[in-house]
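# Sequence unavailable; structure follows:
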């Protein structure tokens, strides 16, 4: 088979305000059936300086722009920890149904039973998958789910009359973990991971004390490894009155395999736009439900969906709540897509998804480990981490390798993360990529390793086939131009 | 399986390649006591057709326009959306790409967001805007935290005429950090009384919403002067950006940060989300800004291109010291807003804003003619408060059965405002709808 990467005719397209003519409009102004009323001239403005474009101008503009993007519908997108799986198209249709799309969030719940049912069932299903007892869908993305989780931990300690100041965060954690903790006023205390890439109970025990609110733990961790001491670590944290926060970004490895709630996690978030196949939208909207064990349910954001007399209602009656994190109920459109995905997959399908996601990652790891350096030689979960160590002797870095990968028709993996692996190349194929797709990707990666040795200049100047070459990021930061 | 392409043969050969005998062996590194003991208790898979039927039934159970005439806005507005917006937004290249970390493969999203930042800055009269926040509420919370970083002070004054939900979100964000939030009362004319700020010692920011929760236009220039006299920032929040097609922008009146909800701009209400948190400020404060920024640069061949920039503010670089924990934002909705703003253009945006204003004025006047009190005398946009006769809730309920939702009862949020309702009108409401509403309320 041929690599997907090829060059085609790509159109240039100016910025919106570099085209159009004053007087054009791409919108039918609704019929005026009321008279003009006087306006307070002291407050009236001139209106925004927008370009005037016809409908055709707009359509061509965005069609051309879209063609400059790589996406998972066009090819393999092995971005580690981002779970770029295929998103079912039928889910998009459901979100667009008039009843959901036009629903107002502040009218009585009795007029919104359909959507509340979806949200309630989604909460229950996420609890079943995670082994938790209660959930709130309100957080708008993973990081806000983390923040909600941290606020819940904060509220828990306060309800015990305590104010703890620190939180343990492994050095392999996503940057959002320490940032979310800091928003809650906690000082993140880094814990080094062990030699095998796994957290050791001893390392946790030596740092855990009564001034520490708990631990934030990503499982599988960002090296793609299962934290197999999780139960012991949870024991240590709980013994000192702390709580265990689970970062569920990597839950795609564990559906039907491990329930975090059964291994000591007290509170966790999920990313519906990763594990549950809601598309990423070029950077959102996401949805980051927060799930808790029973003893933390009273702190969840409000309103919560409750059932009374066979009807779904929205209740504010939870005095312990951390409050609200979203103006309304969160990113409901994203929840509908996740709900549809779960319904289309069923229990067996979800478990199979995790199994195949892990199989795919191990397959890629095994096929590439003799070509690229593999820092941790063991079975991985849904993603594997390689590095550029073998290529350094040719003065080739991870950046060169992945830029070259674009020419072959693939999106680069996550790079230079986790920080514990210098030059990390973190590959998460997901379960929706077939064996033949992976084989071709593996061949491309091997071919690049060969080029690194034989013709390294090709890599250093890569990519060659994209619309633009490498961009000057230093210039962008030194002389910021953020608006035209 | 439909979304998983692996045949049994594929699985067998892949397992052989990794040296394992079964799929279960892949999980051998997980201690047995951590493994789930039972299969997931989730209903079995449905077909596409079953899903369609089921979802259609649920959708039909919702009170939706146009059968229902919903005179409620309060931060979530019904506007016509040109078909081009969902059509273009539905392109896979926009929908199924990730955050544009690799600019050579993401110029489409990057240019679209750069354009969004520009149109947002122009709309709000500010120098720069970020790539988006989650919603108007978290944008306000982050704006106030930003003001605290900029000024090094620890108290914020916030108008009680900011959307009550936004204030609750701000309180949630402020609570553990220990910053103080002081609520500013409102005046009889439906605008904020900012005089109490003179008594606040450590004032980082004054936050007002315009149009405010009652639909009234705040005196932003005065608020800016008062805030600046105290060396505090003026943060202007909004829920209805269409208003700036008619009224002066926050930036033109001295706002230091303008932030709010952009759902009005081409995004369906969707039960409150996803919308888009718009966030703009002065260039001087860019290094304290939360969220992603797209910047213009050049490529190795001197051609124009766009990248995510100033990332040293962000969590993936600064970790615990980042300006915010935000990572994924509401990018696709930002692109929708940009498509919408560009579709209307300067002329269309002004005309649509004026039409919304005139419709609301029409209904306001109908109410006055019907001798219902419109307590706030000042100018409004889209929304206004009406005081109905006592026990109006009975009529409100009856109208609901007739599929008319006659405004939002304000007593829930302002206990002193019994029988006061917040009424919203946009271009999707016809003169007939308004005539019917007032006739039914009177009868």
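Right, received. Where do you want to start? A quick note: this is a predicted structure, and the numbers were derived from the prediction, not measured.

# can we go C-alpha only for contacts and neighbour counts from here?
Fine.

# How about residue B:3, nearest residue that isn't a chain neighbour?
In space, and not counting its chain neighbours, residue B:3 is closest to residue A:432: 6.0 Å by CA to CA, 6 or more residues apart in numbering or on different chains.

# tell me the contacts of the residue nearest to residue B:10 when sequence neighbours are not counted?
Spatial nearest neighbour of residue B:10, excluding adjacent residues (CA to CA, 6+ apart): residue A:435 at 6.5 Å. The neighbours of residue A:435, taking CA atoms under 8 Å, 6 or more residues apart in numbering or on different chains as the test, are A:360, B:6, B:10, B:14.

# quick one: which of the residues you listed has the most company?
Ranked by neighbour count (other CA atoms under 10 Å in any protein chain shown), the contacts of residue A:435 have residue A:360 at the top, with 30 neighbours.

# Please give the element, helix or strand, for that one.
Secondary structure assignment for residue A:360, by DSSP states H and E: helix A:332-368.

# and that helix, is it in reach of chain B?
Yes. Judged by CA under 8 Å from any CA of the partner chain, helix A:332-368 comes into contact with chain B at A:332-334, A:340, A:342-349, A:353, A:355-356, A:358-359, A:362-363, A:366.

# average pLDDT for that helix?
For helix A:332-368, mean pLDDT is 98.

# any idea which residue sits dead centre in chain B?
Nearest to the mean C-alpha position of chain B, by CA atoms, centre = their mean, lies residue B:261 at 2.7 Å.

# Next secondary structure after the helix or strand of chain A with the lowest mean pLDDT?
The helix or strand of chain A with the poorest confidence is helix A:176-183; it has a mean of 92 (mean pLDDT, DSSP states H and E). Of the helices and strands lying after helix A:176-183 in sequence (DSSP H and E), the nearest is strand A:187-191.

# Tell me how far the helix or strand of chain B with the lowest mean pLDDT lies from the chain's centre.
Across the helices and strands of chain B, mean pLDDT, DSSP H and E gives its lowest value to helix B:315-318, namely a mean of 84. From the chain centre to the centre of helix B:315-318 is a distance of 25 Å (CA atoms, centre = their mean, to the nearest Å).

# can you list contacts of that helix?
Contacts of helix B:315-318 with the rest of the structure, by CA under 8 Å, 6+ apart, involve A:174-176, A:178-179, B:311-312, B:321-327.

# Do you have the helices of the stretch 251-400 of chain B handy? List them.
Shown for the stretch 251-400 of chain B, the helices assigned by DSSP state H, counting those that start in this stretch span residues B:315-318, B:331-369, B:392-401.

# a markdown table please, covering these and showing mean neighbour count.
Below are the helices of the stretch 251-400 of chain B laid out as a markdown table (neighbours: other CA atoms under 10 Å in any protein chain shown):
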| stretch | mean neighbour count |
| --- | --- |
| helix B:315-318 | 19 |
| helix B:331-369 | 24 |
| helix B:392-401 | 15 |
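
# Columns distance to residue B:290 on top of those helices, output as a markdown table?
Shown next, in a markdown table, are the helices of the stretch 251-400 of chain B (distance: least, CA to CA, whole Å):
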| stretch | distance to residue B:290 |
| --- | --- |
| helix B:315-318 | 10 |
| helix B:331-369 | 14 |
| helix B:392-401 | 42 |
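
# any idea which of the ones you listed scores lowest on pLDDT?
Lowest mean pLDDT of the helices of the stretch 251-400 of chain B: helix B:315-318, a mean of 84.

# Show me the domain layout of chain B.
Domain segmentation of chain B under automatic domain parsing yields B:69-81+B:345-442, B:84-340.

# Of those domains, flag the one that's most buried.
Most buried of the domains of chain B by mean neighbour count (mean count of other CA atoms under 10 Å in any protein chain shown) is domain B:84-340; its value is a mean of 24.

# That one: end-to-end distance?
Using CA to CA, to the nearest Å, the end-to-end distance of domain B:84-340 comes to 9 Å.

# residues in contact with residue 287?
No chain specified, so I'll use chain A. When contacts are counted by CA under 8 Å, 6+ apart, residue A:287 is found next to A:137-142, A:270-273, A:330-331, A:334-335.

# that answer is for a different chain, and I need it for chain B
Contacts for residue B:287 (CA under 8 Å, 6+ apart) come out as B:310, B:313.

# ok, 7 Å please
Contacts of residue B:287 were listed using CA atoms under 7 Å, 6 or more residues apart in numbering or on different chains, and they are residue B:313.

# how close does it sit to residue A:388?
In this view, residue B:287 and residue A:388 are 33 Å apart by CA to CA.
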